[in-house]
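A.B. asks: Requesting a structural model of the entry that follows:
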Amino acid sequence: MRACVQRVSEASVTVEGEVVGRIGPGLLVLLGVRHDDQPGDAQYLAQKIVGLRIFEDEQGKMNRSLLDSAGQMLVVSQFTLLGDCRKGRRPSFVSAAAPELAERLYEDFAAAVREQGVTVATGRFRARMNVALINHGPVTLLLDTRTG
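C.D. replies: As a prediction, this is how the structure comes out:
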């Protein structure tokens, strides 16, 4: 799994003019699922992201996690995170999971975050979405359950 994590003041996702997910302060997570990902990848990544100490404490240092700061999370499925652009000009998406697996692991990830006590909003899987955010900091991190 690959995630682009952005610390936000607020974020929302809209489908066909309808806001389907909205959060206040917290994290926007764009999530890509690989064809060989397993439920353990979703669990690992959920725990890792919720525990990231990227929120500021009273001294302005990044020492607080999403839980410590009572933040929320907006999770948006984004298979294009797995696009391989090393050859040619058109990205290859052969590493991306089939929609059935991707949706199941996307839902597993959101559930694993909820189980940790975080309020989670989501986009709509396989929909054309408009994502709006105010990146706070800005802070943007890329996480991957694979090294290669």
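A.B. asks: give me the beta-bridge partners of the most centrally placed residue in the chain?
C.D. replies: The centroid of the chain falls nearest to residue 29 when counting by Cα atoms, centre = their mean (2.0 Å). Following DSSP bridges, residue 29 is listed with bridge partners residue 5, residue 75.
A.B. asks: With residue 141 instead?
C.D. replies: Bridge pairing for residue 141 - DSSP bridges - gives residue 5.
A.B. asks: ok, now which ones touch it?
C.D. replies: Listed by Cβ atoms under 8 Å, 6 or more residues apart in numbering, the contact partners of residue 141 are 4, 5, 6, 52, 54. In this view, the C-beta of every residue, glycine as well, is placed from N, C-alpha and C.
A.B. asks: Quick one: residues in contact with the longest helix seen in the chain.
C.D. replies: Of all the elements of type helix in the chain, the one with the most residues (DSSP state H) is helix 99-114. Applying Cβ under 8 Å, 6+ apart, the contact partners of helix 99-114 are 1, 31, 33, 35, 37-39, 41-43, 45-47, 49-50, 73, 75, 77, 79, 96-97, 120, 122, 125-126.
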